[in-house]
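Model the structure of this input:
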Amino acid sequence: MALQQQVDQDIKQAMLAKDQARLRGLRAIKAALLLANTEKGASEGLTEEAEVKVLQKLAKQRKESGEIYQQQNRPDLYQIEKEELDVIESFLPKQLSPEEVEMAIKGVIAETGASGIKELGKVIGVANKSLAGKADGRTISEVAKRLLTS
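I've put the predicted structure just below:
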């Protein structure tokens, strides 16, 4: 519940500062958290892990939309998505660099004893759990495939 309280406080500050870009991003976070909370139906609120997943989903949506707007030569809409993405990422845990992800996945491969691409699912499953919130699924998948095929 601490994240929701932090977002509420930041919304008030953004309103006072008349920071429309930050306010849009914060409102998107608040809406997604409220929706996730009602879907879950839990009166005690979301766990920290569930909150991170909601934020990751929002970040992924903004990245994909931004890419589409860039391809369609719409810099005005791309800028809005970029601003919201920056706000959302400020609430996410620090993301690992590609080198750090590769080192972590090498550790997972050694831990699971995976020797080929047939065991990709096992490696990705363990890696997703250990790197939750620190790296996105696409990066984990790409690195694991590359390491298991080489």
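
Do a quick rundown of the strands in this protein.
For the chain, applying DSSP state E gives no strands.

hey, where'd the helices end up in it?
2-17, 20-40, 48-71, 75-91, 98-112, 120-130, 137-149 (DSSP state H).

list the buried ones in the fourth one?
In terms of neighbour count (16 or more other CB atoms under 10 Å), helix 75-91 has its buried residues at 78, 80-85, 87-89, 91. C-betas here are computed from N, CA, C, even on glycine.

sorry, back to before: turn the helices of the chain into JSON lines, columns for mean pLDDT.
Listed next are the helices of the chain as JSON lines, based on pLDDT from 0 to 100:
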{"stretch": "helix 2-17", "mean pLDDT": "91"}
{"stretch": "helix 20-40", "mean pLDDT": "90"}
{"stretch": "helix 48-71", "mean pLDDT": "90"}
{"stretch": "helix 75-91", "mean pLDDT": "93"}
{"stretch": "helix 98-112", "mean pLDDT": "86"}
{"stretch": "helix 120-130", "mean pLDDT": "85"}
{"stretch": "helix 137-149", "mean pLDDT": "84"}
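
Dump the buried residues of helix 75-91 to JSON lines, plus distance to residue 109.
What follows is those, written out as JSON lines (distance: CB to CB, whole Å):
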{"residue": "78", "distance to residue 109": "37"}
{"residue": "80", "distance to residue 109": "40"}
{"residue": "81", "distance to residue 109": "35"}
{"residue": "82", "distance to residue 109": "35"}
{"residue": "83", "distance to residue 109": "38"}
{"residue": "84", "distance to residue 109": "36"}
{"residue": "85", "distance to residue 109": "31"}
{"residue": "87", "distance to residue 109": "35"}
{"residue": "88", "distance to residue 109": "31"}
{"residue": "89", "distance to residue 109": "28"}
{"residue": "91", "distance to residue 109": "31"}
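
domains for this structure, by residue range?
The record's domain parsing of the chain by automatic domain parsing lists 2-91, 98-149.

How about residues contacting stretch 49-61?
3, 28-29, 32-33, 36, 40, 46, 85, 88-89, 91-93, 132-133, 136 (CB atoms under 8 Å, 6 or more residues apart in numbering).

The closest residue to residue 29 other than its chain neighbours - how many residues pack around it?
Counting by CB to CB, 6 or more residues apart in numbering, residue 7 is the residue found nearest to residue 29 once chain neighbours are left out, at 5.3 Å. For residue 7, the neighbour count with other CB atoms under 10 Å is 20.

Please consider this matter closed, and thank you.
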